[in-house]
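> sequence and predicted structure below; questions after.
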Amino acid sequence: MSSLQQAGYEFRARNTIAPQSGGTARRVRKVATNFSPHLVNSNAETVSGAPISIALISPDRRHRDAAAQALAGCAGYEVSEFSSYPVRLDDASEIMDQKFSVVIIDLDGDPKFALELVESISADGFATVMVYSESADPELLVRCMRAGAREFLTLPLEQKVVEEALLRAAARQPVGRTAKKRVGKLFAFMASKGGAGATTLACNFAVALAKASQEKTLLIDLDLPLGDAALNLGITAEFSTVDALEATDRLDTQFLSQLLVKHSSGLWMLAAPGKFIPYQVASEAINQLMNVARNEFENVVVDLGSQLEMMETAAYREASTVYLVTQSGIPELRNANRLIQQFFAGAVPKLEIVLNRFESRGQSLPEEHVTKALTRPAQWKIPNDYAAVRNMQISATPLVLTDSPISRQIRKMVSAVTGKSETVAKSKKNIFSLSFFG
């Protein structure tokens, strides 16, 4: 049974006859009718060789039919239709798995998400992305081009215009194409309150993940403007997250690589600024950074701190897992409860609660009261060991590189992600330097 059948998706297919030069051929138009569209292959018989495959994505039946009608008059193309946008941008990878040559996206159903979808698919570089809309707004056109769209079409669609756009797309097709590289997993750490310990856990989780997975792993400090993840790892960085976010016009994997620092554990890091730099969060810039990072790294760990502005960005929405770090104090639990009710009412993104500085004895609140406040049991309980954390901050030696109750719990968190059994890592002690204070 296929994964689509297991998920219970149902599809509706419609057959149309499309004229071909030198004869006729049958084109199968299959429409995904579920809310989260997955790909349906169209088995078109064509007179001349293999057809160019097209994915048509539109939640609006009228818009979709108008585009399909324009495409029906074009020879040599195989069209698969989707009646809704993917629920998550990660689902766009399934579009690329089917190796569509052209992806045509209706902007009008949800312009903001549609632009993010354009950017996500364009980043792979395999397909030509086209967009269409009832609006000919120049500003919208510019935003689409920046996101990676190669053609901007306006309704009503003229067959000649569509055909010329498809011819240009055909000319761009590579002779051969390699298998698509999967985008990296994204893990976000957020704090219910400042001082809850999200940064310490994010840093150590990232180091442990890099070593356990043996995959390229990146830690991004988005706790702006005062993030101190670099301090925890003893890293002095020349460039910062703000440098990346303020250069979206040239932000690609090559540019990003010039901003990173590599830790002795093998972890790569994009640090927060070493000096105070006011920065107003721009969702599109954050989304682009996440997209570029995940196309270069197998694992991306993000320290969000307690920045609620990030909750509208891909750093939160596209996370494989969001780790909400809290403590058993009343202010932390109150904030955690409000965050859970507001942002984690559904199943996506996956939430795991980390109860930091946990003491099995001497808790200020009984554990059942903590669970009630959190609306669910905490998946992870990190023991309280102030001395070990303080030593890490002084020596700049990650906790997970030594053996302690805290490091064992963090390695268990990583094991749950990698599926590999935890191992105790040993490393030489690092010499602490105060040079990064200025």
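The structure has been received and is ready for your questions.
> residues contacting the nearest residue to Val301 once chain neighbours are set aside?
Nearest-residue entry for Val301: Ala206, 4.0 Å, with adjacent residues in sequence omitted and distances by CB to CB, 6 or more residues apart in numbering. Any C-beta I mention is one placed from the backbone N, CA and C, and that applies to glycine too. By CB atoms under 8 Å, 6 or more residues apart in numbering, Ala206 lies in contact with Thr217, Leu219, Leu267, Asn299, Val301.
> and those as TSV, adding secondary structure and pLDDT?
Shown next, in TSV, are those (DSSP: H, G, I helix; E, B strand; the rest coil; pLDDT from 0 to 100):
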residue	secondary structure	pLDDT
Thr217	strand	96
Leu219	strand	97
Leu267	coil	95
Asn299	strand	96
Val301	strand	97
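> by neighbours, which of these wins?
Across those, neighbour numbers were computed from other CB atoms under 10 Å; Leu219 holds the maximum, 32 neighbours.
> I'd say it and Asn299 touch.
No: the pair Leu219 and Asn299 fails to qualify as a contact (CB atoms under 8 Å) at a distance of 9.3 Å.
> now Asn232, nearest residue through space, not along the chain?
Counting by CB to CB, 6+ apart, Cys203 is the residue found nearest to Asn232 once chain neighbours are left out, at 4.5 Å.
> I should have written Gly227 there, sorry.
Ala272 (3.1 Å).
> still on that earlier bit, ok, so of the contacts of Ala206, who is nearest Met130?
Using CB to CB, Asn299 comes nearest to Met130 of those, at 32.3 Å.
> what residues are up against the closest residue to Ser283 other than its chain neighbours?
Nearest residue to Ser283, sequence neighbours excluded (CB to CB, 6+ apart): Thr313, at 4.9 Å. When the contact criterion is CB under 8 Å, 6+ apart, the partners of Thr313 are Val281, Ser283, Ile286, Asn287, Met290.
> what do you get if the cut-off is 7 Å, keeping everything else the same?
With CB atoms under 7 Å, 6 or more residues apart in numbering as the criterion, the residues that contact Thr313 are Ser283, Ile286, Asn287.
> mind giving me a markdown table with those and columns for pLDDT and secondary structure?
Shown next, in a markdown table, are the contacts of Thr313 (pLDDT from 0 to 100; DSSP: H, G, I helix; E, B strand; the rest coil):
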| residue | pLDDT | secondary structure |
| --- | --- | --- |
| Ser283 | 89 | helix |
| Ile286 | 94 | helix |
| Asn287 | 93 | helix |
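> filter the residues you listed down to the buried ones and hand me the ChimeraX line.
Burial among the contacts of Thr313 is assessed by 16 or more other CB atoms under 10 Å; the matching ChimeraX selection reads:
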select :286,287
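> so how far is Ala171 from the residue nearest to Val301?
To Ala171, Ala206 is 43 Å away according to CB to CB, to the nearest Å.
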